[in-house]
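Student: below are the sequence and a predicted model for it; my questions follow.
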Amino acid sequence: LSVCQESGVTPLLTVAIGSGTPQEAEEWAAYCAAWYHARKQKAPRIYWQIGNEEAGAWEHGNMTGEMYVETLREFVPGIRRAYPNSRIIAVGADTYHNLKETGPWRAVILDQAAEHFDLLSLHPYAISAWENDPAVRQGKILQVSQKGIKTVQDLIGDLQIRGLRDKKVAVTEWGLWLKANSYDEQ
């Protein structure tokens, strides 16, 4: 919080839902409120991202959209109660997948839990850009970037279709992987 304040940056905290508890999240929110109160400062807006990539099989706490809806219902009220100037970010992936199945994610969140978040996050990564030829690599980066733009546009469209014009989109991660140790052993 000190670094954010000194840098003029709005804090964004990710709540561990795969290993954390709603009580722990509420305690973190209360800690933040107390931190500002102790300094006799008005508590600024803080963004709380509920989980990270729980729609993905690689994430600790991987879950279905329905399970994530329940998680939002369990975690968000305590955070909002302890830190009223919270903005809640929910995972905005289109689908979930684990080692056995895939299914809808975003539609479930939008239809069943819209009151529990303010923003939906996306993580557009360029993950297939590891090419030795710079021209081929640049072409792949451009393709993936265009795909990321389309992903954001699709999310905005999903919000508009449901009349959720007060909800925002957040790109909370973006990256370019030129090499990946799971593919090229480097």
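Tutor: All right, it came through fine.

Student: avg pLDDT for stretch 140-149?
Tutor: Confidence over stretch 140-149 (mean pLDDT, whole number) is 80.

Student: also stretch 156-175?
Tutor: This predicted structure assigns stretch 156-175 an average pLDDT of 92.

Student: so where is the chain shaky, pLDDT-wise?
Tutor: Applying pLDDT under 70 to the chain flags the ranges 126-131, 176-186.

Student: helices of that one, start to end?
Tutor: For the chain, helices defined by DSSP state H occupy the ranges 2-7, 22-38, 65-82, 106-113, 134-161, 181-184.

Student: tell me the contacts of Ile50?
Tutor: Ile50 makes contact with 15, 17, 71-72, 75-76, 88-91, 117, according to Cβ atoms under 8 Å, 6 or more residues apart in numbering. No exception for glycine: its C-beta is placed from N, CA and C like everyone else's.

Student: can I get these in JSON lines including neighbour count and distance to Val136?
Tutor: Putting the contacts of Ile50 into JSON lines (neighbours: other Cβ atoms under 10 Å; distance: Cβ to Cβ, whole Å) gives the following:
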{"residue": "Val15", "neighbour count": "24", "distance to Val136": "40"}
{"residue": "Ile17", "neighbour count": "26", "distance to Val136": "39"}
{"residue": "Thr71", "neighbour count": "23", "distance to Val136": "41"}
{"residue": "Leu72", "neighbour count": "22", "distance to Val136": "42"}
{"residue": "Phe75", "neighbour count": "25", "distance to Val136": "44"}
{"residue": "Val76", "neighbour count": "24", "distance to Val136": "44"}
{"residue": "Ile88", "neighbour count": "18", "distance to Val136": "41"}
{"residue": "Ile89", "neighbour count": "24", "distance to Val136": "35"}
{"residue": "Ala90", "neighbour count": "27", "distance to Val136": "36"}
{"residue": "Val91", "neighbour count": "29", "distance to Val136": "32"}
{"residue": "Phe117", "neighbour count": "24", "distance to Val136": "39"}
